[in-house]
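Participant: Kindly generate the corresponding structure for this input.
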Amino acid sequence: MRRVLATATATAAVLFGTALMPTAATAHPTDRQRCTPVRSTVGFYEAGVVATEEMTVPANPRCTTISVSHIRDPRVPGDHCQTFYVGFWPVGSDGSLTYTDRIEACAAPGDKPVVIATNVPDGARFIVLYQIDYNDPEVQNIRFSIWR
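Facilitator: Numbers count the residues shown, from 1 in each chain. Take a look at the predicted model:
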């Protein structure tokens, strides 16, 4: 059974010296041809949240979103849903991240990617985060692809 969230808004501040602000998106599919996929890698775990390593949005004027796909929990093979959000560093940042709202994304292999942030400019530095369902990050290591 697929779950879909209503539209979410961003908690972002003005980034990159322009009015473009990455924002959380409605949980709906995006066009695979516009963005490039990469496999997620764990950067850190803290207080029930796992984050990917830092990534940078490549130059691609046709891709202004960050999406996730191929979501799976290796311990629960039928679980293809997780709650994600994105943290962005503004240019010249002192390390403070700006976060989008959380989006529940469901995407089994073969499903279209689910958009978790929109209005993302080329060169944006970001991490993708998700909350774990168990107390031990070694127990739940969600695997997914990131489209940027």
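Participant: Dig out what the residue nearest the centre of the chain forms beta bridges with.
Facilitator: Centroid-nearest residue in the chain: Val128, 4.3 Å away (criterion: CA atoms, centre = their mean). The partner list for Val128 in beta bridges (DSSP bridges) reads Val86.
Participant: Name all residues that make contact with it.
Facilitator: By CB atoms under 8 Å, 6 or more residues apart in numbering, Val128 lies in contact with 40, 51-52, 55, 66, 68, 84-86, 116, 146. For every residue, glycine as well, the C-beta is placed using N, CA and C.
Participant: okay if I get these as CSV plus neighbour count and pLDDT?
Facilitator: Listed next are the contacts of Val128 as CSV, based on neighbours: other CB atoms under 10 Å; pLDDT from 0 to 100:
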residue, neighbour count, pLDDT
Ser40, 21, 88
Ala51, 19, 93
Thr52, 22, 95
Met55, 19, 94
Ile66, 27, 96
Val68, 26, 97
Phe84, 27, 96
Tyr85, 22, 97
Val86, 32, 97
Ile116, 30, 97
Ile146, 25, 95
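Participant: And the residue nearest to the centre of the chain, how close does it get to Asn141?
Facilitator: Separation of Val128 from Asn141 (CB to CB, to the nearest Å): 14 Å.
Participant: likewise Pro61?
Facilitator: For Pro61, the distance to Asn141 - CB to CB - is 34 Å.
Participant: From the neighbour counts alone, determine which of those two ranks first.
Facilitator: Asn141 (13 against 7; other CB atoms under 10 Å).
Participant: Where does the more buried one sit: helix, strand or coil?
Facilitator: Assigned by DSSP: H, G, I helix; E, B strand; the rest coil, the conformation of Asn141 is coil.
Participant: so what's it closest to, chain neighbours aside?
Facilitator: Pro74 (6.5 Å; CB to CB, 6 or more residues apart in numbering).
Participant: how many neighbours does that neighbour have?
Facilitator: Pro74, neighbours per other CB under 10 Å, totals 10.
Participant: pLDDT wise, what is it at?
Facilitator: On the pLDDT scale, Pro74 is placed at 85.
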